[in-house]
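K.L.:
Sharing a sequence plus its predicted fold:
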Amino acid sequence: RLNGCDLSEECCEALASVLSSNSSSLRELNLSTNQLKDSGVKLLSAGLGSPHCTLETLSLSGCLVTQEGCASLASALSSNPSHLRELDLSYNHPGDSGAALLSAGLEDPRWRLDTLSVEHGGVWRLKPSLKNYACDLTLDPNTAHRRLSLSEDNRKVTWVEEDQSYPDHPDRFDCWDQVLGREALTGRCYWEVEREGRVEIGVTYRGITRRGGGDDSWLGLNNKSWSLYCSDGGYSARYNGTETDLPLPPAGSTRVGVYLDRPAGSLSFYRVSPGGGGSSDTLTHLHTFWSSFTQEDLLPGVGVWGGGGPQRLCVGCRKKKHQKKTSTISSPGLWSGELMVAVEKWGGGGVSGVPQTQWVCACVCRPGTGKHTHTHTHTHIHTYTFTHT
């Protein structure tokens with residue numbers, strides 16, 4: 001699986017050598033979203049046409065292939081027709097003639113090819129960019145937490161201090177400030193988010209929990225969602241409660257690109273920086289999650305932690321430095337009712353117990369739980385004074 005690995009046409013010669021080797025046992029090859037072009041496909045076809053090649057599945061989606069590349073593939077398959085069963089040429093520009101050359105193989109009894117994909121073609125697919133997979137997304141107001149205000153035809157969301165008058169809905173998040181997209185993500189999709197401040201940008205199964213303040217409803221803290229946490233200070237990738245700090249800084253960029261290749265089982269995040277001198281944007285890879293996505297619907301989602309300015313498809317919050325803390329709060333019988341529990345003294349370190357002082361509110365403790373241990377990212381929002389009597 002070599003999709004999205006920035007391979008160039010020169011790499012195809014080495015791959016052709018592997019395919020034509022006497023000991024070749026490669027059955028599946030995914031080269032999608034690489035700038036191979038017709039010249040690279042021609043080199044690769046030399047290996048495909050070898051009698052030693054036993055490849056059964058070849059994915060060349062989004063590889064800048066035209067009619068010329070299709071002709072090379074058709075010639076190779078005519079020479080060695082008995083193995084390749086699936087060929088993916090979607091998001092290219094084969095034209096009618098290129099598609100016809102390969103479609104003829106579906107009718108040829110000598111060819112084993114039984115699945116050919118040339119969908120989503122067009123001359124615009126020859127522009128080398130993940131934006132070839134751009135999809136049109138909107139946010140679903142029925143999922144938005146009441147502190148999130150949607151605007152611009154549900155393409156912009158802003159954190160607000162006053163609850164919005166949304167009607168009750170079973171899909172609405174009632175604790176975390178999050179909102180999901182309306183459209184399910186299928187196939188290959190690319191979209192961008194312009195942020196301001198701290199946000200969580202992610203993808204989730206439709207079945208993520210919407211009620212309560214547990215990990216099962218927070219993007220990236222469960223096995224139903226994947227997320228990229230973004231701040232002006234850096235990025236971190238989150239899945240199922242595991243957080244990985246990423247070394248690449250934002251470097252002034254406020255845009256994040258998200259690319260989902262569902263057939264390949266990959267979800268990638270990119271820092272998007274404007275190109276100089278009028279050139280196209282630069283996409284710098286941040287992180288890729290790998291998963292065998294199930295048949296359940298996948299939806300884009302964003303989380304907003306605090307207040308602040310608006311963003312497209314997601315919202316930023318106050319540009320304040322955040323701190324990561326792991327803490328244990330043991331207070332059985334101390335509180336009555338639901339109460340915010342402190343995990344960090346403002347300007348100080350971690351705590352246990354509750355002396356008479358000022359603490360920063362961080363997470364929710366409910367009666368009867370006694371002990372709460374978790375890692376979250378918090379920022380100072382309000383200060384309360386507790387008196388332990």
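P.N.:
All right, it came through fine.
K.L.:
The residue nearest to Thr115 when sequence neighbours are not counted and Asp232, how far apart?
P.N.:
Spatially, and ignoring its direct neighbours in sequence, Thr115 is nearest to Glu86 (4.3 Å; CB to CB, 6 or more residues apart in numbering). Heads up, the C-betas are built off the backbone N, CA and C, glycines and all. According to CB to CB, to the nearest Å, Glu86 and Asp232 sit 45 Å apart.
K.L.:
before we move on, what about Lys224?
P.N.:
For Lys224, the distance to Asp232 - CB to CB - is 28 Å.
K.L.:
Then Gly213?
P.N.:
In terms of CB to CB, Gly213 sits 26 Å off from Asp232.
K.L.:
Give me the neighbour count for the closest residue to Arg210 other than its chain neighbours.
P.N.:
Sequence neighbours aside, Phe173 is the residue nearest to Arg210 in space, at 5.2 Å (criterion: CB to CB, 6+ apart). Burial measure for Phe173: 26 neighbouring residues, criterion other CB atoms under 10 Å.
K.L.:
So Phe173 is in contact with Thr209, correct?
P.N.:
No. Assessed by CB atoms under 8 Å, Phe173 is found out of contact with Thr209, at 9.0 Å.
K.L.:
tell me, what's touching the two both at once?
P.N.:
Ser217 (CB atoms under 8 Å, 6 or more residues apart in numbering).
K.L.:
returning to that earlier point: which residues touch the residue nearest to Arg210?
P.N.:
143-145, 179, 210, 217.
K.L.:
Compute the distance between the residue nearest the centre of the chain and Trp226, please.
P.N.:
In the chain, the centroid-proximal residue (CA atoms, centre = their mean) is Leu267; its distance is 4.2 Å. When distance is defined by CB to CB, Leu267 is 6 Å away from Trp226.
K.L.:
One more: Arg188?
P.N.:
Taken as CB to CB, the span from Arg188 to Trp226 is 16 Å.
K.L.:
One more: Asp297?
P.N.:
15 Å.
K.L.:
neighbour-wise, which of the two wins?
P.N.:
Set Asp297 next to Trp226 and count neighbours by other CB under 10 Å: Trp226 wins out with 25 against 13.
K.L.:
Bridging across strands, which residues link to the more buried one?
P.N.:
Val203, Tyr239 (DSSP bridges).
K.L.:
related to what we said a few turns ago, number of residues surrounding the residue nearest to Thr115?
P.N.:
16.
K.L.:
Pull up the gap between it and Ala71, please.
P.N.:
Taking CB to CB, one finds Glu86 at 20 Å from Ala71.
K.L.:
what helix or strand is Gly40 on?
P.N.:
helix 37-48 (DSSP states H and E).
K.L.:
Packing partners of that helix?
P.N.:
Judged by 3 or more CB pairs under 8 Å, 6 or more residues apart in numbering; DSSP states H and E, helix 37-48 is in contact with helix 11-19, helix 67-79.
K.L.:
List the buried residues in the last one.
P.N.:
The reference is to helix 67-79. 67, 69-74, 76-77 (16 or more other CB atoms under 10 Å).
K.L.:
just these now: which is nearest Lys42?
P.N.:
Ser72 (4.4 Å; CB to CB).
K.L.:
okay but that closest one is in contact with Ser45, surely?
P.N.:
Yes. The pair Ser72 / Ser45 is scored as a contact, 4.1 Å apart, by CB under 8 Å.
K.L.:
on that earlier part again, please verify my assumption that the residue nearest to the centre of the chain contacts Leu286.
P.N.:
No. Applying CB under 8 Å, one finds Leu267 not in contact with Leu286, separated by 11.3 Å.
K.L.:
pLDDT weak spots in the protein?
P.N.:
1, 4, 121-129, 276-279, 306-389 (pLDDT under 70).
K.L.:
Show me how it divides into domains.
P.N.:
11-128, 132-312, 323-386 (automatic domain parsing).
K.L.:
quick one: the spatially closest residue to Glu10 that is not a sequence neighbour from Glu9, how far?
P.N.:
In space, and not counting its chain neighbours, Glu10 is closest to Gly40: 7.7 Å by CB to CB, 6+ apart. To Glu9, Gly40 is 3 Å away according to CB to CB.
K.L.:
quick one: which of these two has more around it?
P.N.:
Gly40 (27 against 19).
K.L.:
contacting residues for the more buried one?
P.N.:
8-12, 63.
K.L.:
and the two most separated of those?
P.N.:
Among the contacts of Gly40, Glu10 and Cys63 lie farthest apart (CB to CB), at 13.9 Å.
K.L.:
all strands in the stretch 51-200 of the chain, in order from the N-terminus.
P.N.:
For the stretch 51-200 of the chain, the strands defined by DSSP state E, counting those that start in this stretch cover 57-59, 86-88, 115-117, 148-151, 156-159, 178-180, 188-194, 199-205.
K.L.:
can you list those in CSV and add distance to Gly257?
P.N.:
CSV is the format used below for those (distance: least, CB to CB, whole Å):
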stretch, distance to Gly257
strand 57-59, 21
strand 86-88, 22
strand 115-117, 24
strand 148-151, 22
strand 156-159, 18
strand 178-180, 19
strand 188-194, 5
strand 199-205, 10
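K.L.:
got the contact list for the residue nearest to Thr115?
P.N.:
56-58, 113-115.
K.L.:
again, only using 10 Å
P.N.:
Residues near Glu86 by CB atoms under 10 Å, 6 or more residues apart in numbering: 28, 55-59, 112-117.
K.L.:
go on, Pro249?
P.N.:
Counting by CB under 10 Å, 6+ apart, Pro249 has contacts 232-235, 271.
K.L.:
how does it look with 7 Å?
P.N.:
Gly234 (CB atoms under 7 Å, 6 or more residues apart in numbering).
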